[in-house]
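Chemist: just coords:
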């Protein structure tokens, strides 16, 4: 698991969208694609978010799920360590 993805999530939580986007964009894994979708959810850019959720093999939960998705991502990252 790539620690920088968790760093990207934390940057997003701090409102540093560009930095979080660079990290997510650089990781082609399913987890990286999921974070990329979450980043676009925060933007907000629904069509891009949906694209990255599909790339991650995940169902799109809707634009109002940002907080829940950030928490789920962190849990998934920690479980995969």
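Modeler: Looks like it came in fine. Keep in mind that this is a model prediction, so the values were computed, not measured.

Chemist: And the residue nearest the centre of the protein?
Modeler: What sits nearest the mean C-alpha location of the chain, by C-alpha atoms, centre = their mean, is residue 35, with 1.6 Å.

Chemist: I'd guessed that residue sits against residue 6; true?
Modeler: No: here residue 35 does not reach residue 6: they are 9.1 Å apart, not a contact under C-beta atoms under 8 Å. The C-beta positions use only the backbone N, C-alpha and C, and glycine is treated the same way.

Chemist: coming back round to it: name the element the residue nearest to the centre of the chain belongs to?
Modeler: Per DSSP states H and E: residue 35 is located in helix 30-42.

Chemist: Run through the neighbouring helices and strands of that helix.
Modeler: helix 3-13, helix 17-25, helix 46-55, helix 66-79 (3 or more C-beta pairs under 8 Å, 6 or more residues apart in numbering; DSSP states H and E).

Chemist: between the longest one and helix 46-55, how big is the angle?
Modeler: Spelled out, that is helix 66-79. Helix 66-79 and helix 46-55 are oriented at 30 degrees to each other (axes from the mean of the first three to the mean of the last three C-alpha atoms, to 10 degrees).

Chemist: cool, the shortest one as well?
Modeler: If you take the same axes, to 10 degrees, helix 17-25 sits at 30 degrees to helix 46-55.

Chemist: Mind giving me the packing neighbours of helix 17-25?
Modeler: Using 3+ C-beta pairs under 8 Å, 6+ apart, helix 17-25 is in contact with helix 3-13, helix 30-42.

Chemist: Contacts for the longest one next, please.
Modeler: With C-beta atoms under 8 Å, 6 or more residues apart in numbering as the contact definition, helix 30-42 has outside contacts at 1-2, 5, 8-9, 12, 17, 20-21, 23-27, 46, 48-53, 55-58, 60, 63, 65-66, 69-70, 73, 76-77, 80.

Chemist: try the shortest one
Modeler: The contact list for helix 3-13, computed with C-beta under 8 Å, 6+ apart, reads 19-20, 23-24, 26-27, 31-32, 35, 38-39, 42, 70, 73-74, 77.
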